[in-house]
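[1] A predicted structure for the sequence below; I have some questions about it.
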Number of protein chains: 2
Amino acid sequence: MSTGGLTAADRLVNAFTMAGGKARPTLREVAAAAGVSVATCSYVLSGRSDRVRQLPQDTQDKVREAARRLGYAGNTAARVLRRQRTELIALVYAPPVGPWLDRLTMQCEDVAVAHGYSVIGLPIRHAERAEHSLRVITQGYVDGVIFAPGLADGLDLDRFARSTRAIVAFSDYLEPGPADLVRNQVRAAMGEAVEHLLKIGHRRIGYLAHTGRPADAGTRDRYLGYQDALERAGVPIDPALARPGAASREEALVGARELLDAADPPTALISESDRGAIAALQVARERGLAVPDDFAVIGVGNTQEAVVSFPALTSVGMAQFDFTEIVEVLFARIDEPDRPPRVLDLPWVLDRRASA
Amino acid sequence: MSTGGLTAADRLVNAFTMAGGKARPTLREVAAAAGVSVATCSYVLSGRSDRVRQLPQDTQDKVREAARRLGYAGNTAARVLRRQRTELIALVYAPPVGPWLDRLTMQCEDVAVAHGYSVIGLPIRHAERAEHSLRVITQGYVDGVIFAPGLADGLDLDRFARSTRAIVAFSDYLEPGPADLVRNQVRAAMGEAVEHLLKIGHRRIGYLAHTGRPADAGTRDRYLGYQDALERAGVPIDPALARPGAASREEALVGARELLDAADPPTALISESDRGAIAALQVARERGLAVPDDFAVIGVGNTQEAVVSFPALTSVGMAQFDFTEIVEVLFARIDEPDRPPRVLDLPWVLDRRASA
DNA sequence: TTGTAGGCGTTATCAT
DNA sequence: ATGATAACGCCTACAA
């Protein structure tokens, strides 16, 4: 029976370990080492608590000890194949990452961990390549998906609905159905910001966009809201007032200077980002323009930077940054696929501070 | 034979579709619909090209058409279980995300796509919870992992090495072996920055850290480098000169003001971030201090912001932001596990500009 | 050129 | 209380 203190099971394990080198141990090997069946191991190591409670402490200890000794870690692919659950949710976004997405990411993680889930980020760089990255979803890698603003609008969500249990999309356009939606009403909020500028007497309102063609970008709604308000007020839209500059501080400095150097310069400016707006404040200072009297500035994002800039920046953005309800909606659907689709309203607001 | 134009295979498919509702089709169903075997389908849809080339175009078309019609997407879990490859790499990081990580993310994606891989981000929020999130790695979800700076230092990488094929870690401490390493030599570079300040005559050098206890934080090396240089120069280390402030603009403003209001204020300042350093420049302007003559400032990160700030910010950081080689090292190891461990040197440098 | 069948590691349903 | 065993969906060596 005994060969130097090693059980038959241990020898089996050793043989495997030494042959395969550093191969990961399987449940079968743990079972052999513990001297019980794989079923019992499965129950102890990952099974449902109701089943585990029935097992004597002794058996449980043996299994756990063997697992520890062998460095057993489970194999997700096998578990997922069997359970049809990955316990993973994905957050689909487009870099660069701003403070907004950081908060969403961190809150996702908090809620996910509470549900026993983990979060993976799915950076989508080029729209053309999105398909390739999104296979993580279509091929069943995740139980749920959250699409950041702008990322779901062009997609056929029905396709994704077939391979994941829950979808939450930030979108002002999609219809509820395959996905639960979060509405920001970006266009309306931008309109409101411009209306505010019009009301305090501005007629020439500059615009710093993320790209050269604001009407085509993923942030299209921001520009459309700007146009809406001008049209409603009967103020002509001057394309010369729109410039790239929201994407980086550097571009914003250039864009703002160009606008102010023009023949008929604007008396107010809206930037698609707070970053750009803060750079514009600096340009105003350079030129000796008093903010907001000579030059009013509004940003987008309502970030912490807007609060601490000088003068404090009026900004359009979320009123609050608590996304836990949104993430809970995702998990509610993961657990209960047939509940009616939900639409959450998280409208952007104009947060008035000193700069406009 | 014919029942209204439907083949037996089609009827089988219909029955399944209507019963299961929106169940994802399996390869078996595609095979049935196409009237070929699963093996053939597998070859056509995902098999190796050498095998596919042997198949007549006709068969291939039938299969692809059936797959398209049914919306076949494959099942990753099954494929992974069989192939022992996920075609996924993970990028482990700690939010908040700065421009540095954005670049790394984007370049990862570029390289990964070229290899037929996708990238997932693995945000680690709390060190205590890291274990839970890292199961994505330990349980074999990914073929390779990149650890951002500071994230691998406390980990037992051997454990991860067993469940993923390749690990690249930014770390100045770990020994090569389980992981290929990227050395930044942060501590030395920070020392160099402080030496520069000493050389131009500064003796009291303020320090803005990410947290209140710089020697304990993930960014510990930055502070150690600062201490090193002072010790080498025989300049006493005054703990009152170190303050939190690098994490956000807001904190930096507070920290810098406190330092300058103190009884024996510093004549120079190092901030663990460019963000904090730029805020300090603003405080200097508030106080009418000339930069760099009255007050010298150095940041960390060498970001684009440092280049465009006024005055342009001297900063410690990477000399270049091309990470493709690093990512290629990861893929090289995925393909060839037994190659010798590599250590890449990507030292930080002091980029001298106007502010110091 | 195409099909058959075994197995990847788990979980869950039965038996015992 | 514990153990056999049949799936989960896919890939691939081998057979035909």
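    Cool, the structure landed. Numbers count the residues shown, from 1 in each chain, chains lettered A, B, ... in the order given.

[2] from here on, contacts and neighbour counts on C-alpha atoms
    Noted.

[3] and the helix or strand containing residue A:102, what's buried?
    Assessed by DSSP states H and E, residue A:102 sits inside helix A:99-114. Going by neighbour count (16 or more other C-alpha atoms under 10 Å in any protein chain shown), the buried part of helix A:99-114 is A:99-113.

[4] spit out the contact partners of residue A:210.
    A:217, A:219, A:244, A:245, A:246, A:247, A:272 (C-alpha atoms under 8 Å, 6 or more residues apart in numbering or on different chains).

[5] now residue A:148
    Contacts of residue A:148 by C-alpha under 8 Å, 6+ apart are A:91, A:92, A:93, A:94, A:169, A:170.

[6] give me the low-pLDDT residue ranges for the stretch 1-150 of chain A?
    Where the stretch 1-150 of chain A drops to pLDDT under 70, the residues are A:1-23, A:47-53.

[7] can you rerun that using 80?
    The stretch 1-150 of chain A contains residues with pLDDT under 80 at A:1-23, A:46-55, A:96, A:98-99, A:126-129.

[8] can you list the residues of it near DNA strand D?
    A:35-40, A:54-56, A:59, A:78, A:81-82 (C-alpha under 7 Å from any atom of the strand).

[9] quick one: buried ones out of those?
    Buried, going by 16+ other C-alpha under 10 Å: A:35, A:37, A:38, A:40, A:59, A:78, A:81, out of those.

[10] just give me the closest of those to DNA strand D.
    residue A:37 (3.6 Å; C-alpha to the nearest atom of the strand).

[11] could you find the closest non-adjacent residue to the closest one?
    residue A:31 (5.4 Å; C-alpha to C-alpha, 6 or more residues apart in numbering or on different chains).

[12] you'd agree that neighbour is up against residue A:45?
    No: using C-alpha atoms under 8 Å, residue A:31 is not in contact with residue A:45; the gap is 10.8 Å.

[13] picking that back up, who wins on neighbours among the contacts of residue A:148?
    residue A:169 (28 neighbours; other C-alpha atoms under 10 Å in any protein chain shown).

[14] hang on, that one in a strand?
    Yes: the assignment for residue A:169 is a strand, going by DSSP: H, G, I helix; E, B strand; the rest coil.

[15] dump the residue contacts of it.
    A:146, A:147, A:148, A:149, A:152, A:179, A:180, A:181, A:182.

[16] what angle do whichever strand or helix holds residue A:332 and helix A:99-114 make?
    For residue A:332, the host element (DSSP H and E) is helix A:324-335. Angle of helix A:324-335 versus helix A:99-114, following axes from the mean of the first three to the mean of the last three C-alpha atoms, to 10 degrees, is 50 degrees.

[17] which residues are in contact with residue A:221?
    A:186, A:187, A:215.

[18] of all those residues, the one with the weakest confidence?
    Among the contacts of residue A:221, residue A:215 carries the lowest pLDDT, at 78.

[19] which residue, other than its chain neighbours, is closest to that residue?
    Once flanking residues are discounted, residue A:215 sits nearest to residue A:223: 6.2 Å by C-alpha to C-alpha, 6+ apart.

[20] quick one, domains of chain A?
    For chain A, the structural domains run A:8-82, A:87-183+A:321-346, A:186-318, going by automatic domain parsing.

[21] could those domains go into JSON lines alongside distance to residue B:288?
    Below are the domains of chain A laid out as JSON lines (distance: least, C-alpha to C-alpha, whole Å):
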{"stretch": "domain A:8-82", "distance to residue B:288": "61"}
{"stretch": "domain A:87-183+A:321-346", "distance to residue B:288": "31"}
{"stretch": "domain A:186-318", "distance to residue B:288": "16"}
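
[22] low-confidence stretches in the stretch 151-300 of chain A?
    For the stretch 151-300 of chain A, the stretches flagged by pLDDT under 80 are A:215-218.

[23] ok, stretch A:85-104 near chain B or not?
    Yes: counting by C-alpha under 8 Å from any C-alpha of the partner chain, chain B is contacted by stretch A:85-104 at A:95, A:96, A:97, A:98, A:99, A:102.

[24] nearest to DNA strand C among those residues?
    Looking across the residues of stretch A:85-104 next to chain B and measuring by C-alpha to the nearest atom of the strand, the closest to DNA strand C is residue A:102, at 31.8 Å.

[25] pretty sure that closest one sits against residue B:97.
    Yes: Residue A:102 is in contact with residue B:97 according to C-alpha under 8 Å; the separation is 6.8 Å.
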